[in-house]
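K.L.:
the amino acid sequence is not available; the structure is as follows:
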């Protein structure tokens, strides 16, 4: 179903209905006779059990490649066109599993990547360097064993740990085609000497370099999978899997990250999720605060404010008015003359001049159905236009004071 749809009525077993509810992707309401109303709740993705699969797709029916682009850029991994190599498929899980298998096979075709890993051990002989402070604190007055650290050239590095974890997780998804499942298991077998990541543990950090270039694409896909997908044995050892994404949050983070990069070409600095006081208050409990998605500062003073609304393009009437009330509050609290409302969708840039004020609110559409390079070009255009408005306001202010 589409994320903006009114839902569907279908037959479900109680376990599947409960799993859908706990996944956060949709809510189910019993209607009797084994029928349930299934309604989206503002998230997109897919949940799967042995008995049922539910997919909630983005409103503009974005393909997997576009979704991965937004997810990775929001996470500041910086996907570009050439690194988003996901296979498009009507079934999200098939697309993810086949894309991971294809990219992992390519990455491992020349063997498992090796690199240097810093190891800390207690040894009876010197290897590498002695950690003097640890030796004194742990073994005062003792000569052996020695607390040492050294660099070891090994396969057990962050890149391989992330890849192994992603292959393992996708291998647990119910309903993956047997041939793809076999490929995932064979690829994971090449990484059996690599330390297995513990469930819930943070992903190890890795740095893109020329040495791990062949791993870049599969690592970015692996991180998206590990951050957004889960697969495990549930009640009665039945396998379940879920891939759930809050598109509103993804869009907000994407716009903030991309806009900050684009505005770095101009003087000043951009702050994301900037908190400002809206009213005068003696007590903390009486304070009203606002938190726009992005504010650009020049000389320590805010000069322009931005806010992102994923569904503003499709919401009508009261919802759109509420967005403008919110932006008006931002401008008032920050004393800036212009706010930019960035919404997901096609359309034209529209200026709304607020009556009895000197405040302008500019609606700026960002069409997510475009190729990633064109989406980023649109964000760069937003940066140029908004900076041009800052310059125009500054010139107008100087002219008025002369």
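P.N.:
Yes, it's here. Predicted model, so just to flag it, every value in this text is computed and none were measured.
K.L.:
spatially central residue for this protein, please.
P.N.:
residue 71 (3.7 Å; C-alpha atoms, centre = their mean).
K.L.:
pLDDT on the helix or strand hosting that residue, on average?
P.N.:
Using DSSP states H and E, residue 71 maps to helix 64-74. Across helix 64-74, pLDDT averages out at 76.
K.L.:
that helix packs against which elements?
P.N.:
Judged by 3 or more C-beta pairs under 8 Å, 6 or more residues apart in numbering; DSSP states H and E, the packing partners of helix 64-74 are helix 92-108, helix 216-228, helix 247-263, helix 372-401. The C-beta positions use only the backbone N, C-alpha and C, and glycine is treated the same way.
K.L.:
can you lay out these as CSV showing mean neighbour count and mean pLDDT?
P.N.:
Listed next are the helices and strands packed on helix 64-74 as CSV, based on neighbours: other C-beta atoms under 10 Å; pLDDT from 0 to 100:
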stretch, mean neighbour count, mean pLDDT
helix 92-108, 22, 89
helix 216-228, 22, 87
helix 247-263, 21, 91
helix 372-401, 15, 87
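K.L.:
thinking again about what came up before, hang on, the residue nearest to the centre of the chain packs against residue 226?
P.N.:
No. At 11.6 Å, residue 71 does not count as touching residue 226 under the criterion of C-beta atoms under 8 Å.
K.L.:
so what's residue 107 up against?
P.N.:
113, 163, 214, 215, 217, 218 (C-beta atoms under 8 Å, 6 or more residues apart in numbering).
K.L.:
typo on my end, residue 170
P.N.:
96, 97, 100, 176, 184, 225, 229, 231.
K.L.:
how far out from the middle of the chain is the host helix or strand of residue 153?
P.N.:
Per DSSP H and E, residue 153 falls inside strand 146-154. Distance, stretch centre to chain centre, for strand 146-154: 35 Å (C-alpha atoms, centre = their mean, to the nearest Å).
K.L.:
over to stretch 172-184?
P.N.:
25 Å.
K.L.:
ditto for stretch 289-302
P.N.:
Going by C-alpha atoms, centre = their mean, where stretch 289-302 is centred and where its chain is centred differ by 23 Å.
K.L.:
now stretch 283-291
P.N.:
29 Å.
K.L.:
what is the mean pLDDT for the helix or strand containing residue 183?
P.N.:
Taking DSSP H and E as the definition, residue 183 sits inside helix 178-189. Mean pLDDT, helix 178-189: 94.
K.L.:
so what touches it?
P.N.:
Contacts of helix 178-189 (C-beta under 8 Å, 6+ apart): 94, 97-98, 100-101, 104-105, 108, 164, 167-168, 170-171, 176.
K.L.:
check which residues of it are buried.
P.N.:
Neighbour-count burial for helix 178-189 flags 180, 181, 183, 184, 187, 188 (criterion: 16 or more other C-beta atoms under 10 Å).
K.L.:
put together CSV for those, with distance to residue 326 on each row.
P.N.:
Formatted as CSV, those follow (distance: C-beta to C-beta, whole Å):
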residue, distance to residue 326
180, 46
181, 48
183, 49
184, 46
187, 48
188, 48
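K.L.:
about what we covered before: now the contacts of residue 170 in JSON lines, with distance to residue 64?
P.N.:
Below are the contacts of residue 170 laid out as JSON lines (distance: C-beta to C-beta, whole Å):
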{"residue": "96", "distance to residue 64": "7"}
{"residue": "97", "distance to residue 64": "11"}
{"residue": "100", "distance to residue 64": "11"}
{"residue": "176", "distance to residue 64": "15"}
{"residue": "184", "distance to residue 64": "17"}
{"residue": "225", "distance to residue 64": "11"}
{"residue": "229", "distance to residue 64": "12"}
{"residue": "231", "distance to residue 64": "17"}
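K.L.:
low-confidence ranges in the stretch 301-402 of the chain?
P.N.:
Scanning the stretch 301-402 of the chain for pLDDT under 70 picks out 312-320, 399-402.
K.L.:
okay, strands next: where are they in the stretch 1-150 of the chain?
P.N.:
Under the criterion DSSP state E, counting those that start in this stretch, the stretch 1-150 of the chain carries strands at the ranges 8-11, 26-32, 35-40, 44-48, 53-56, 115-123, 129-130, 146-154.
K.L.:
out of these, deepest packed?
P.N.:
strand 44-48 (a mean of 24; mean count of other C-beta atoms under 10 Å).
K.L.:
for it, packing partners?
P.N.:
Counting by 3+ C-beta pairs under 8 Å, 6+ apart, strand 44-48 packs on helix 14-23, strand 53-56, helix 92-108, strand 239-245.
K.L.:
could you dump those to JSON lines with distance to residue 275?
P.N.:
Output for those, formatted as JSON lines (distance: least, C-beta to C-beta, whole Å):
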{"stretch": "helix 14-23", "distance to residue 275": "32"}
{"stretch": "strand 53-56", "distance to residue 275": "32"}
{"stretch": "helix 92-108", "distance to residue 275": "36"}
{"stretch": "strand 239-245", "distance to residue 275": "26"}
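K.L.:
so which of these gets nearest residue 42?
P.N.:
For residue 42, the closest of the helices and strands packed on strand 44-48 is strand 53-56, at 9.3 Å, according to C-beta to C-beta.
K.L.:
the closest one: how far from the chain's middle?
P.N.:
Chain-centre distance of strand 53-56: 20 Å, with C-alpha atoms, centre = their mean.
K.L.:
tell me the strands beside it, with direction?
P.N.:
strand 44-48 (antiparallel) (DSSP bridges).
K.L.:
how about residue 383: what's its closest non-neighbour residue?
P.N.:
residue 262 (3.7 Å; C-beta to C-beta, 6 or more residues apart in numbering).
K.L.:
now residue 112
P.N.:
For residue 112, ignoring the flanking residues on the chain, the nearest one in space by C-beta to C-beta, 6+ apart is residue 155 at 4.9 Å.
K.L.:
mind pulling up the pLDDT for that neighbour?
P.N.:
pLDDT for residue 155: 93.
K.L.:
number of residues surrounding it?
P.N.:
Residue 155: 19 surrounding residues under other C-beta atoms under 10 Å.
K.L.:
is it true that it touches residue 108?
P.N.:
No. Judged on C-beta under 8 Å, residue 155 makes no contact with residue 108 at a distance of 10.8 Å.
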